[in-house]
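> sharing a model that was predicted from the sequence below.
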Amino acid sequence: MKLYPWLIKPYNNIVQQHIKKKAHHAVLIKTQRGIGVSLLIWFISRWILCLKPVGTKFCNECHGCKLMSFKSHPDWYYFQSEKNNFFNIDYIRIINEKIFTCSRQGGSKIIFLPDTEKLTESAANAFLKTLEEPPKRTWFFLVDYKNLNLHSTLNSRCLIYQLFAPDEKDSLNWLKNNTDKKNRSCLTALRINQGLPISAKKFINGEIWIERINFYKCLFNAFKNKNLLNILPKLNKKNSTIQINWICFLLLDSIKFNLNQKKHLINLDQIKLIQFLSFNYTHVILDISIRTWMKCQYRLIQISGINHELLLLEQLLKWEKILNIEFLQT
């Protein structure tokens, strides 16, 4: 397992602080999902728990390294809440039990707590006391994916480290080297996933990518046949909210095309469809279309028990009226 190239610099930065004996005992990393922060923390932890590190590298041969390679080191604690659950005060009690006992390997102890936004208020307050007076050689790594500053007092006890997505050029080079897709498809996947390379790789190699391609084909045919209701069977699925995002991205690209902002397009693999829409509709009509689709998506998400098929049918009829589909040029 290798460290992603965009994580090498932050890895060296944090490890160097440990080498200089200036490391903060608690590091809070603010970032986005899809960059690989968990892998970064695991690599840093391997260095800290290595018995014979050489510079910024762990030896990969000592007992500590072997335990970490099997993810069974008794002094490395990864606390992860179950899906959609919160970290309550019981989690903090478990953490305290771990850190206030002697290290099993006689060295450092590491606490890795992802998703700090899932800490309840009582858990955050209890954890604050733990961070104020931690045992020696205990290191905390926390991750905030939403950057909401929900627990500002807790943040004040940590060293804040901002981890950004790599440059688009670097992400594109990495993605091309790790997939068999063409340059245009890779760039499209990156832009759909906000420049996050790992998320883009998962997206472009998954069934959702094929579903997206087929959805746009169906949409293009519906426009040519002047009957947008033909896409209703494609929309009436559990991921219809994602498909609405695809429609909005496409309409936004068509506005950009109208305004001669082609270098900022998202769906670079759908140029013909984008040209078709930009040729037939003004950016005002396209903007109105986006707003109605966003309102439809909001209702799908927020109103429990709503009839999805009926709502989407209503939206498609409304969209045909907005676009004045009968006078479409083909």
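Great, that's in hand. This one's a predicted model, so the numbers in the text were calculated from it and none came from an experiment.

> which parts of the stretch 51-200 of the chain are strands?
76-78, 109-113, 138-144, 159-162 (DSSP state E, counting those that start in this stretch).

> can you redo those as JSON lines with mean pLDDT?
JSON lines is the format used below for the strands of the stretch 51-200 of the chain (pLDDT from 0 to 100):
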{"stretch": "strand 76-78", "mean pLDDT": "91"}
{"stretch": "strand 109-113", "mean pLDDT": "92"}
{"stretch": "strand 138-144", "mean pLDDT": "93"}
{"stretch": "strand 159-162", "mean pLDDT": "93"}
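
> can you list the ones you listed in CSV and add mean neighbour count and distance to I285?
Glycine gets a C-beta too; all of them are placed from N, C-alpha and C. Below are those laid out as CSV (neighbours: other Cβ atoms under 10 Å; distance: least, Cβ to Cβ, whole Å):
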stretch, mean neighbour count, distance to I285
strand 76-78, 18, 51
strand 109-113, 23, 49
strand 138-144, 23, 40
strand 159-162, 14, 40
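
> out of those strands, which comes closest to V284?
Evaluated over these, closeness to V284 peaks at strand 159-162, with 38.4 Å, by Cβ to Cβ.

> name the helices or strands packed onto that closest one?
strand 26-30 (3 or more Cβ pairs under 8 Å, 6 or more residues apart in numbering; DSSP states H and E).

> Serialize the strands of the stretch 51-200 of the chain to a markdown table and add fields for distance to F276.
Shown next, in a markdown table, are the strands of the stretch 51-200 of the chain (distance: least, Cβ to Cβ, whole Å):
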| stretch | distance to F276 |
| --- | --- |
| strand 76-78 | 50 |
| strand 109-113 | 49 |
| strand 138-144 | 42 |
| strand 159-162 | 41 |
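
> show me the one of those strands that comes nearest K22.
strand 159-162 (10.3 Å).

> how far out from the middle of the chain is the closest one?
Relative to the centre of its chain, strand 159-162 is centred 18 Å away, using Cα atoms, centre = their mean, to the nearest Å.

> okay, now the sheet partners of it, with direction.
Partner strands and pairing direction for strand 159-162 (DSSP bridges) are strand 26-30 (parallel).

> which outside residues touch the partner strand?
For strand 26-30, contacts defined as Cβ atoms under 8 Å, 6 or more residues apart in numbering pick out 14, 37, 40-41, 116, 131, 134, 139-144, 147, 155, 157-163.

> ok, back up a step: out of the strands of the stretch 51-200 of the chain, which is closest to K21?
Short answer: strand 138-144, nearest of the strands of the stretch 51-200 of the chain by Cβ to Cβ, at 13.0 Å.

> helices or strands next to that closest one in the packing?
Against strand 138-144 (3+ Cβ pairs under 8 Å, 6+ apart) you get strand 26-30, helix 37-49, strand 109-113.

> many thanks, we can stop here.
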